[in-house]
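Asks: need a structure here:
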Amino acid sequence: RWGTCLRGDVHGHVRRAEGMSIHPSARVHPSSVIDPGAVIGEGCEIGPFCVLGEHVVLGERCRLHSHVVIDGHTHLGRENVLFPFASVGLKTQDLKWKGGTTHTEIGDGNVFRESVTIHSATNDGDATKIGNHNLFLVNAHVAHDCIIGNHVILSGVAGLAGHVVMDDHSIISAYSGVHQFCRIGRFAIVGGAAKVTQDVPPFRLVDGNPAETKTVNKIGLERNGFSDEAITALRQAYKIIFREGLTTTNALTRIEAELPSLPEIQHLVQFIRTSERGICR
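Replies: Residues are numbered from 1 along each chain as shown. All right, here's what the predicted structure looks like:
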């Protein structure tokens, strides 16, 4: 297949072939290799030694610094930035892969720093999905079938196993690992070098090996405009769940009976009640 790929010319423009879809305003370094089937949007910049596969779609104004590899059925939205040696959309590492067409779907305004790896899904028709305005720091890894929301941060060398869900505004600190099928709640923070084997409740800070819930993410909530009433209620909920020695069912019942019915409290209760792996205690 790669014998049919096209390189840029000395002026940084790609030779057009019949049926090729590269916007005239796109700038491509002469050393980069692009399959004729790839779609390159308006204003994209593709630096030296990048490789793009047949089914890759880049939205408007994406920038690939250098040595970036994007393959598989991978679609990136607008204004994504990929730094050297980032690898996106390649085949899952899951040994259960049996072939078929899998996808990697990425939204707008994401930043993938050096050597970040994002893998495609495992089963035919499934997708690894990443939303908008997320930051993936050096050597971060997102495995097959993960679903990442918006405004998420994955710090250096942090790793997500397969089928992990990260809700909006959640943060994984450096060198932390998240077990497959875990969920990280909204505005939750996972501390550095933590081992997450169960769901992380929203609005909480967890740390340790195995990870335990330590406190409410008070600073993060204040910075993001949560009301004093909501923060106070979430702190009271924390005490009921983690300090009163109650079962999860009894703790949630007491929260619903005693605390104000705020959206944040309702979301916390629903998250815990629907958890399949249990929560980090």
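
Asks: okay, the helix of greatest length in the chain in PDB with CA atoms only?
Replies: Criterion DSSP state H: the longest helix present in the chain is helix 228-242. Extracted C-alpha coordinates of helix 228-242, given in PDB (Å, rounded to 0.1, in the frame of the first residue of the first chain):
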ATOM      1  CA  ASP A 228     -20.400  27.500  48.200                       C
ATOM      2  CA  GLU A 229     -23.600  25.600  48.800                       C
ATOM      3  CA  ALA A 230     -22.600  22.900  46.300                       C
ATOM      4  CA  ILE A 231     -19.100  22.500  47.800                       C
ATOM      5  CA  THR A 232     -20.500  22.400  51.300                       C
ATOM      6  CA  ALA A 233     -23.000  19.700  50.300                       C
ATOM      7  CA  LEU A 234     -20.400  17.600  48.600                       C
ATOM      8  CA  ARG A 235     -18.200  17.800  51.600                       C
ATOM      9  CA  GLN A 236     -21.100  16.600  53.800                       C
ATOM     10  CA  ALA A 237     -21.700  13.800  51.300                       C
ATOM     11  CA  TYR A 238     -18.100  12.800  51.500                       C
ATOM     12  CA  LYS A 239     -18.300  12.400  55.300                       C
ATOM     13  CA  ILE A 240     -21.500  10.300  55.000                       C
ATOM     14  CA  ILE A 241     -20.000   7.900  52.400                       C
ATOM     15  CA  PHE A 242     -16.500   7.600  53.600                       C
END
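
Asks: Going forward, count from 44.
Replies: New numbering, starting at 44: the last item is helix 271-285.

Asks: buried ones in it?
Replies: For helix 271-285, burial by neighbour count (16 or more other Cβ atoms under 10 Å) applies to 273-274, 276-277, 279-281, 283-285. Bear in mind the C-beta positions are built from the backbone N, C-alpha and C, glycine included.

Asks: just checking, what packs against it?
Replies: Packing partners of helix 271-285 (3 or more Cβ pairs under 8 Å, 6 or more residues apart in numbering; DSSP states H and E): strand 255-259, helix 261-266, helix 291-301, helix 306-316.

Asks: Quick one: mean pLDDT for the third one?
Replies: Right, the one you point to is helix 291-301. Mean pLDDT, computed over helix 291-301, is 98.

Asks: same deal with the shortest one?
Replies: The predicted model gives strand 255-259 an average pLDDT of 97.

Asks: Just the residues contacting that strand, thanks.
Replies: Residues outside strand 255-259 that contact it (Cβ atoms under 8 Å, 6 or more residues apart in numbering): 234, 243-244, 246-251, 274, 277-278, 281, 285, 322-324.

Asks: tilt between it and helix 271-285?
Replies: Between strand 255-259 and helix 271-285, the angle comes out at 150 degrees (axes from the mean of the first three to the mean of the last three Cα atoms, to 10 degrees).

Asks: Check the last one too.
Replies: Orientation of helix 306-316 against helix 271-285 (the same axes, to 10 degrees) gives an angle of 20 degrees.

Asks: now swap in the third one and tell me
Replies: Angle, helix 291-301 to helix 271-285, by the same axes, to 10 degrees: 150 degrees.

Asks: pretty sure R121 is touching G102, no?
Replies: Yes: under the criterion of Cβ atoms under 8 Å, R121 makes contact with G102 at 4.2 Å.

Asks: Please identify every residue contacting each of these two.
Replies: In contact with both R121 and G102: 84, 151, using Cβ under 8 Å, 6+ apart.

Asks: Any idea which helix or strand in this structure has the lowest mean pLDDT?
Replies: Least confident helix or strand of the chain, by mean pLDDT, DSSP states H and E, is strand 49-50 with a mean of 54.

Asks: Sheet-wise, list the partners of the helix or strand just after that one with their directions.
Replies: Under the assignment DSSP states H and E, the closest C-terminal helix or strand after strand 49-50 is strand 64-65. Applying DSSP bridges to the sheet, strand 64-65 is found paired with strand 82-83 (parallel).

Asks: What is the distance between the partner strand and the centre of its chain?
Replies: When C-alpha coordinates are averaged (Cα atoms, centre = their mean, to the nearest Å), strand 82-83 and its chain have centres 23 Å apart.

Asks: So in that sheet, which strands flank the helix or strand following it, and in what orientation?
Replies: Remark: after strand 82-83, the chain's next helix or strand is strand 88-89, criterion DSSP H and E. Sheet partners assigned to strand 88-89 using DSSP bridges are listed as strand 70-71 (parallel), strand 106-107 (parallel).
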